[in-house]
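Visitor: Okay, sequence plus prediction incoming.
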Amino acid sequence: MNALAATNRNFRLASRLLGLDSKLEKSLLIPFREIKVECTIPKDDGTLATYVGFRVQHDNARGPMKGGIRYHPEVEPDEVNALAQLMTWKTAVANIPYGGAKGGIGCDPAELSVSELERLTRVFTQKIHDLIGVQTDVPAPDMGTGPQTMAWILDEYSKFHGHSPAVVTGKPIDLGGSLGRDAATGRGVLFATEALLKEHGKSVSGQRFVIQGFGNVGSWAAQLISEKGGIVVAVSDITGAIKNGNGLDIPSLLKHSREHRGVKGFHGGDPIDPKSILVEDCDVLVPAALGGVINRENANEIKAKFIVEAANHPTDPEADEILKKRGVVILPDIFANSGGVTVSYFEWVQNIQGFMWDEEKVNNELRTYMTKGFKDVKDMCKTHNCDLRMGAFTLAVNRVARATILRGWEA
Ligand SMILES: NC(=O)C1=CN([C@@H]2O[C@H](COP(=O)(O)OP(=O)(O)OC[C@H]3O[C@@H](n4cnc5c(N)ncnc54)[C@H](OP(=O)(O)O)[C@@H]3O)[C@@H](O)[C@H]2O)C=CC1
Ligand SMILES: O=C(O)CCC(=O)C(=O)O
């Protein structure tokens with residue numbers, strides 16, 4: 001099942017649990033706007049190259065649409081649509097005043113030079129600048145993008161609209177970024193995991209973790225989990241996978257990964273087949289890379305008791321069913337990785353206020369939001385006698401439906 005079909009299915013299940021009117025259901029599913037643009041840039045060697053960029057704005061009933069921009073070879077319209085819809089539900093679970101959007105460019109950032117990436121980002125921004133804005137649609141980083149990408153978008157957007165730091169989040173601190181945003185998704189994953197484990201009479205300390213992906217989210221999650229006494233026994237990225245049953249030394253692995261552009265070759269563990277990372281023995285599995293990686297091919301082999309979805313839609317519905325029957329507890333993406341967009345919200349608030357918070361305030365507020373989010377999800381699980389994914393979906397869909405009804409349908 002592709003990402004969009006899977007996301008639509010989860011939405012429809014939640015809608016049925018809530019007893020939503022079928023017309024409202026349909027209206028909540030259809031995106032507000034889908035943008036597709038062709039971005040042609042001169043490469044460093046003088047030849048021209050064309051890339052296709054997307055921005056899907058899913059829903060704005062609760063506020064400006066919000067979501068990352070992904071640079072990855074597999075970016076395609078259905079997936080961007082699914083990710084945009086997930087952002088609508090994620091901002092609603094977090095209870096921050098946003099709707100949902102997502103964007104992406106089909107490209108391999110590892111094969112582009114820094115100046116090619118800058119040209120591509122600027123052309124993309126030129127094509128969408130009229131459709132994004134501080135109160136309309138606020139992009140942020142996702143896979144393959146980061147603070148530098150946001151700085152280029154900010155600069156290009158500001159040429160048309162005047163200096164507008166709040167038009168993107170996840171910016172460099174020197175351009176109005178928030179302290180704590182870089183680590184926020186990983187820190188949110190830690191807070192979410194703490195809340196989940198506490199519910200089961202456990203703590204992070206002493207639990208064995210496996211993490212797929214060692215980019216922004218995976219590497220921060222690994223660092224913060226290990227600082228809390230969690231034992232990270234295996235990690236993978238695109239270059240390979242490594243394992244150490246006694247726990248990987250995460251600070252050394254981070255240093256190695258920065259110096260060698262990947263985890264491959266790290267001497268503090270044994271290399272393993274990256275394909276086996278998800279089925280390695282552990283207590284908590286943290287997928288923090290691509291979508292759809294947990295599916296019917298591997299769901300029966302997964303050893304973890306808990307799955308914390310740091311990536312977006314890592315688990316497809318067939319795997320969800322298999323894992324549920326096997327008693328594996330899944331903390332869904334729209335709650336587990338909401339720390340990133342929550343601190344993006346704090347960044348936007350700081351930009352609008354023109355006042356910078358210290359990092360302690362950012363992290364404390366994040367903990368408050370994540371703790372409240374977990375309680376709200378659990379309350380919905382009780383109300384609807386459902387699992388955590390449906391708890392999160394019913395919470396979100398109900399909030400967005402209420403806002404939509406309150407705003408009215410008059411033309
Ligand atoms: N950044 C954010 O704030 C948020 C991100 N997310 C989600 O988290 C996930 C990761 O995003 P982010 O950390 O930002 O992205 P990054 O680009 O920073 O990192 C992605 C990581 O995944 C690795 N990777 C890519 N393909 C594979 C593969 N086939 N097997 C194993 N590892 C792979 C990459 O390896 P390499 O570096 O070697 O290419 C890299 O380590 C995505 O699903 C994203 O949507 C969710 C919420 C917020
Ligand atoms: O920080 C943001 O605005 C969005 C991050 C994002 O794309 C996500 O949560 O998937």
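Guide: That came in fine, so what should we check first? Numbers count the residues shown, from 1 in each chain. Ligands and ions are numbered 1, 2, ... in the order given.
Visitor: For the rest of this, base every contact and every neighbour count on C-alpha atoms.
Guide: Fine.
Visitor: State the pLDDT value of Glu410.
Guide: Per-residue confidence (pLDDT) for Glu410: 76.
Visitor: what about Met1, neighbour count?
Guide: The local packing of Met1 (other Cα atoms under 10 Å) involves 12 other residues.
Visitor: hang on, I meant Leu285
Guide: Burial of Leu285 is recorded as 28 neighbouring residues (other Cα under 10 Å).
Visitor: which secondary structure element contains it?
Guide: Remark: Leu285 resides in strand 284-287, with elements defined by DSSP states H and E.
Visitor: Parallel or antiparallel, list what pairs with that strand.
Guide: Paired neighbours of strand 284-287 in the sheet (DSSP bridges): strand 208-212 (parallel), strand 306-308 (parallel).
Visitor: Output those strands in a markdown table, with mean pLDDT and mean neighbour count appended to each entry.
Guide: A markdown table is the format used below for these (pLDDT from 0 to 100; neighbours: other Cα atoms under 10 Å):
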| stretch | mean pLDDT | mean neighbour count |
| --- | --- | --- |
| strand 208-212 | 98 | 26 |
| strand 306-308 | 98 | 24 |
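Visitor: What parts of this protein come near ligand 1?
Guide: For the chain, the contact set with ligand 1 under Cα under 6 Å from any ligand atom comprises 141-144, 185, 212-218, 236-239, 262, 288-291, 310-312, 337, 340.
Visitor: Quick one: buried ones out of the residues you listed?
Guide: Buried by 16 or more other Cα atoms under 10 Å: 141-144, 185, 212-218, 236-237, 262, 288-291, 310-312, 337, 340, out of the residues of the chain next to ligand 1.
Visitor: quick one: which of those sit in strands?
Guide: Secondary structure from DSSP state E places Pro141, Gln212, Ser236, Asp237 of those in strands.
Visitor: Greatest separation within those: which pair is it?
Guide: Every pair in these was compared (Cα to Cα); the two farthest apart turn out to be Pro141 and Ser236, at 20.9 Å.
Visitor: Can you name the residues in contact with stretch 180-200?
Guide: For stretch 180-200, the surrounding residues in contact (Cα atoms under 8 Å, 6 or more residues apart in numbering) are 170, 203-204, 216-222, 224-225, 308, 310, 331, 335-341, 343-344, 347, 359, 362-363, 366-367, 370-371, 374.
Visitor: Is it positioned near ligand 2?
Guide: No - on the criterion Cα under 6 Å from any ligand atom, stretch 180-200 is out of touch with ligand 2, staying 7.8 Å away.
Visitor: which of the residues in that stretch are buried?
Guide: Buried residues in stretch 180-200, counting neighbours by 16+ other Cα under 10 Å, are found at 180-197.
Visitor: how about the helices of the stretch 151-300 of the chain, start to end?
Guide: Listed in chain order, the helices found in the stretch 151-300 of the chain under DSSP state H, counting those that start in this stretch are 181-199, 216-227, 250-260.
Visitor: Next up, identify which helix or strand Val93 is on.
Guide: Assigned by DSSP H and E, Val93 belongs to helix 77-94.
Visitor: ok, then the element right after that helix?
Guide: Stepping forward along the backbone from helix 77-94, the first helix or strand reached (DSSP H and E) is strand 100-106.
Visitor: Run me through the strand neighbours of that following strand, direction for each.
Guide: Applying DSSP bridges, one finds strand 100-106 paired with strand 48-59 (antiparallel), strand 65-72 (parallel).
Visitor: List of residues touching it?
Guide: The contact list for strand 100-106, computed with Cα under 8 Å, 6+ apart, reads 51-60, 64-76, 80-81, 83-91, 137, 139.
Visitor: Low-confidence stretches in this structure?
Guide: 411 (pLDDT under 70).
Visitor: Up against ligand 2, what does it have?
Guide: Going by Cα under 6 Å from any ligand atom, the residues of the chain near ligand 2 are Lys66, Gly67, Gly68, Pro139, Ala140, Asp142, Ser338, Gly340, Val341, Ser344.
Visitor: out of these, what pair is the most spread apart?
Guide: Pro139 and Ser338 (14.9 Å).
Visitor: Have a look at those two and say which one is more surrounded.
Guide: Relative neighbour count places Ser338 above the other of Pro139 and Ser338, with 30 against 26, counting by other Cα under 10 Å.
Visitor: Surely Gln212 is in contact with Ala289?
Guide: Yes - counting by Cα atoms under 8 Å, Gln212 sits close enough to Ala289 to count as a contact (6.1 Å).
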